[in-house]
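# Pasting a predicted model and its sequence here:
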Amino acid sequence: MSEQQAEQVGAAYAIEGPALELGSVVVDGTPYPGARVRMPLLMLNRHGLVAGATGTGKTKTLQLIAEQLSAAGVPVFLADIKGDVSGVAAPGADNERIRTRAEQTSTDWTATAFPTELLSLGGLGTGTPVRATMTSFGPVLLSKVLGLNSTQESSLGLVFHFADKNGLPLLDLKDLRAVIHHLLSDEGKPELKALGGLSTATAGVILRELIGLEDQGGDVFFGEPEFDTADLIRLAPDGRGVLSVMGLAAVQDKPRLFSTFLMWLLADLFSDLPEVGDVDKPKLVFFFDEAHLLFDDASEAFLDAIARTVRLIRSKGVGVFFVTQTPKDVPGEVLAQLGNRVQHALRAFTPDDAKALKATVGTFPRSEVYDLTELLTSMGIGEAAVTILSERGAPTPVAWTMLRPPSSSMSPLEPAAAAALVAASPLAADYAAPVDRESAYELLLARVAPEPARAEALAPQEVSYDEPEREGEREGAVAAVLGSSVFRSFARSAASAAGREISRSLFGTAPRRRRTTRRR
């Protein structure tokens, strides 16, 4: 590429309105300061993709984009798989590498910390706990977590329907298990049959999967207080957007659970936010890291719901960036909606790598300047092939870009600093302590247990997940009570109780009552 060609490419990125500064166009391996690559704020709700092989700089690209969004007054949600994104809360370290990259990209670099909220799933890890009730999570997302097939997913939906109709709130795992135990009992079998299409064998499979999830510690993610996703859309007192960083390092061994939980957050936002149409800047930008985990082994109905959510949430002012290794990790219907692309280097060491490279090249606009196959395998760390939507919504030419250095720390936040940040969080008072109020488990147990036994069963207990034998004994006792003749004698009253139907969104998630005051 000549300097003249670089200037022509750079002209396509000469955004007039508010924009993010990504870096400089590269000419023959050297950044050309006369051609800058910018991304317009008003096009960020057209979504995007950040891709590339491990170690090519994807995480730092997220950090760079998130920092500039915060500075522009846009809140950001970031999934932190490896635990190194938390550094956005601390100023960066001035060193030779940073100074060199800043000079190469004509960046006026200043070490800067950004307003940050640390979150964690169920309190596993450092951060304010994020939980969801079973009712809000819904049967479709839960089926993905449990690895159910389409028939079992449909059956689980009928169980939720039964609980709704019979006034049995499903807040945590033990509530759902209690309802299924009831349906499998002698008195519950007629009700199970009346649901239609739900076999005893299928109900048993669902129950076993729930037990397996609980045995792995997955029960801590479900319950109350449930996280209000409106708390992701907050501004700091100085007007900068708050960066909500969800640490997932402690649950890396549960990829299906955390990826589906992230989808719940996005679906919940879709359910709650009003339509705003096109906006000058997004209300929130959501970065979905390790996106391939969401799509692996997903049912057609689940993939369809993802595609519709991504397509429709744009009009609610939310931008979604999927982060993965290659575009082929994302289904075509979703990929077609991602207008902004930052593609880091790919490797072609194996036949599968070569296929992935060819598929990636096919997803880019045709370039008259670059051999994209050669470019995508030769770029260095912190370099990317970029194409975005211009201010008028047209795709820009591919630009080989050297990306600017982030202003915040590129290392994880020190544990003491992270703990202090969590302790000072305005969300701690609402979400730190779990709550176990009366729900399906207690309501069913109250119908069958004598008063002293019920009081003992419902008394607060310290449960250690290092004591599976003790937990198994308690669960066995509960199962025995739920299957007893005393329980059967009260079943009819439960079946005849006034029911309630919960309306659900694209993923079968249920709307919730919101706080009347919002944090800013």
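Received the coordinates, thanks.

# what does the strand ranked longest in the chain rub up against?
Longest among the strand segments of the chain by residue count, using DSSP state E, is strand 30-40. Residues from elsewhere that reach strand 30-40 (C-beta atoms under 8 Å, 6 or more residues apart in numbering): 3, 6-7, 9-11, 13-15, 17-27, 65, 104-106, 340, 386, 388-391, 399, 401-402. All C-beta atoms are positioned from the backbone trio N, CA, C, and that covers glycine.

# Mind giving me the packing neighbours of the next helix or strand along the chain from that strand?
Sequence-wise, the next helix or strand beyond strand 30-40 is strand 48-51, with elements assigned using DSSP states H and E. When contacts are defined as 3 or more C-beta pairs under 8 Å, 6 or more residues apart in numbering; DSSP states H and E, strand 48-51 packs onto helix 58-71, strand 318-324, strand 340-343.

# Mind naming the longest helix for the protein?
As far as residue count goes, and with DSSP state H defining each element, the longest helix of the chain is helix 255-272.

# Just give me the neighbour total for the closest residue in space to Gly317 that isn't next to it in sequence.
Beyond its immediate neighbours in the sequence, the residue positioned closest to Gly317 (C-beta to C-beta, 6 or more residues apart in numbering) is Lys283, lying 3.7 Å away. Applying other C-beta atoms under 10 Å, we find 19 residues neighbouring Lys283.

# next one: Leu176
Here the neighbour count serves as a burial measure; for Leu176 (other C-beta under 10 Å) it reads 27.

# Would you mind confirming that Leu257 is in contact with Ala250?
No: applying C-beta atoms under 8 Å, one finds Leu257 not in contact with Ala250, separated by 11.8 Å.

# what do those two both touch?
Common neighbours of Leu257 and Ala250, using C-beta under 8 Å, 6+ apart, are Leu121.

# Of these two, give the one with the bigger neighbour count.
Just comparing Leu257 and Ala250: by other C-beta under 10 Å the higher neighbour count belongs to Leu257, 22 against 17.

# Tell me the predicted confidence for the nearest residue to that one once chain neighbours are set aside.
The shortest distance from Leu257 to any residue other than its chain neighbours is 5.2 Å, reached at Val145 (C-beta to C-beta, 6+ apart). Among the per-residue scores, Val145 holds a pLDDT of 90.

# Okay, and Val145 sits in which element?
With secondary structure defined by DSSP H and E, Val145 is part of helix 134-146.

# Can you name every helix or strand that that helix contacts?
Under the contact rule (3+ C-beta pairs under 8 Å, 6+ apart), helix 134-146 is packed against helix 150-165, helix 173-184, helix 200-215, helix 255-272, helix 300-313.

# Run the angle between the shortest one and helix 200-215 for me.
Put plainly, it is helix 173-184. Using axes from the mean of the first three to the mean of the last three C-alpha atoms, to 10 degrees, the inter-axis angle of helix 173-184 relative to helix 200-215 is 160 degrees.

# what mean pLDDT does helix 173-184 have?
Per-residue confidence for helix 173-184 averages out to 91 on the pLDDT scale.

# The first one now?
Helix 150-165 comes out with an average pLDDT of 91.

# And the contacts of that helix?
When contacts are defined by C-beta under 8 Å, 6+ apart, helix 150-165 is touched by residues 135, 138-140, 142-143, 146, 148, 168-170, 175-176, 179-180, 183, 191, 195-199, 202-203, 205-206, 299-301, 440, 499-502, 508.

# Can you turn the buried part of those residues into a ChimeraX selection?
This is the ChimeraX syntax for the buried subset of the contacts of helix 150-165, where burial follows 16 or more other C-beta atoms under 10 Å:
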select :135,138,139,140,142,143,146,148,168,169,170,175,176,179,180,183,191,195,198,202,203,205,206,301,440,502,508
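
# where along the stretch 301-450 of the chain do the helices fall?
Using DSSP state H, counting those that start in this stretch, the helices of the stretch 301-450 of the chain run over 332-335, 351-361, 372-378, 415-423, 428-431, 440-448.

# If I average pLDDT within each of the ones you listed, which one is lowest?
Considering the helices of the stretch 301-450 of the chain one by one, the lowest average pLDDT is found for helix 440-448, at a mean of 83.

# show me the contacts for Val310.
The neighbours of Val310, taking C-beta under 8 Å, 6+ apart as the test, are His47, Val320, Val334, Gln337.

# what about 10 Å?
With contact set as C-beta atoms under 10 Å, 6 or more residues apart in numbering, Val310 has these partners: 47, 266, 270, 288, 318, 320, 322, 330, 333-338.

# And for Gly52?
Each residue near Gly52 by C-beta under 10 Å, 6+ apart is listed here: 58, 61, 323-326, 342-347, 360, 376, 379, 381, 383-385.

# Ser24 now?
6, 10, 30-37, 104-107, 399-404.

# give me that answer again for 6 Å
Residues counted as contacts of Ser24 (C-beta atoms under 6 Å, 6 or more residues apart in numbering) are Pro31, Pro33, Arg36, Thr105, Met402.

# Tell me the predicted confidence for the first one.
This points to Pro31. At Pro31 the predicted local distance difference test score is 85.

# Just list whatever residues bridge to it.
Here Pro31 shows beta-bridge partners Val26, assigned using DSSP bridges.

# can you check the third one too?
Per DSSP bridges, residues listed as beta-bridge partners of Arg36: Ser24.

# what's the distance between Glu67 and Ser409?
For Glu67, the distance to Ser409 (C-beta to C-beta, to the nearest Å) stands at 11 Å.

# Touching, Ser315 and Glu275? I think so.
Yes: the pair Ser315 / Glu275 is scored as a contact, 5.4 Å apart, by C-beta atoms under 6 Å.

# For the two, work out which one has more neighbours and name it.
More neighbours surround Ser315 than the other of Ser315 and Glu275, with 15 against 8 (other C-beta under 10 Å).

# List the residues that contact the more buried one.
Ser315 makes contact with Glu275, Gly277, according to C-beta under 6 Å, 6+ apart.

# so what's it scoring on pLDDT?
Turning to Ser315, the model gives it a pLDDT of 93.

# Glu300 now?
Looking at Glu300, its pLDDT stands at 82.

# can you check Val330 too?
Per-residue confidence at Val330 stands at 92 (pLDDT).

# ditto for Val481
pLDDT, Val481: 44.

# again, but for Val205
Val205 carries a pLDDT score of 93 in this model.

# How about it, nearest residue that isn't a chain neighbour?
Skipping the residues right next to it in sequence, Val205 comes nearest to Gln152 by C-beta to C-beta, 6+ apart, at 6.1 Å.

# ok, now how distant is the one you found from Lys189?
Applying C-beta to C-beta, one obtains 19 Å for the distance of Gln152 from Lys189.

# Between those two, which is the more surrounded one?
In this view Gln152 and Lys189 are compared by other C-beta under 10 Å, and Gln152 has more residues nearby, 20 against 14.

# before we move on, back to that, any chance of the helices and strands packed on helix 134-146 in CSV with distance to Leu444 as columns?
CSV is the format used below for the helices and strands packed on helix 134-146 (distance: least, C-beta to C-beta, whole Å):
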stretch, distance to Leu444
helix 150-165, 10
helix 173-184, 5
helix 200-215, 15
helix 255-272, 26
helix 300-313, 30
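
# So which of these is nearest Pro415?
helix 255-272 (21.1 Å; C-beta to C-beta).

# Dump the C-alpha coordinates for the closest one into PDB.
Once side chains and other backbone atoms are set aside, the C-alpha atoms of helix 255-272 remain, and they are given as PDB (Å, rounded to 0.1, in the frame of the first residue of the first chain):
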ATOM      1  CA  PRO A 255     -18.700 -22.200  30.300                       C
ATOM      2  CA  ARG A 256     -22.200 -23.200  29.400                       C
ATOM      3  CA  LEU A 257     -23.500 -21.700  32.500                       C
ATOM      4  CA  PHE A 258     -21.700 -18.300  32.400                       C
ATOM      5  CA  SER A 259     -22.300 -17.800  28.600                       C
ATOM      6  CA  THR A 260     -26.000 -18.500  29.000                       C
ATOM      7  CA  PHE A 261     -26.100 -16.200  32.100                       C
ATOM      8  CA  LEU A 262     -24.600 -13.400  29.900                       C
ATOM      9  CA  MET A 263     -27.400 -14.000  27.400                       C
ATOM     10  CA  TRP A 264     -29.900 -13.700  30.200                       C
ATOM     11  CA  LEU A 265     -28.500 -10.300  31.000                       C
ATOM     12  CA  LEU A 266     -28.900  -9.200  27.400                       C
ATOM     13  CA  ALA A 267     -32.400 -10.700  27.100                       C
ATOM     14  CA  ASP A 268     -33.400  -9.000  30.300                       C
ATOM     15  CA  LEU A 269     -32.200  -5.600  29.000                       C
ATOM     16  CA  PHE A 270     -34.200  -6.300  25.800                       C
ATOM     17  CA  SER A 271     -37.300  -7.000  27.900                       C
ATOM     18  CA  ASP A 272     -37.100  -3.800  30.000                       C
END
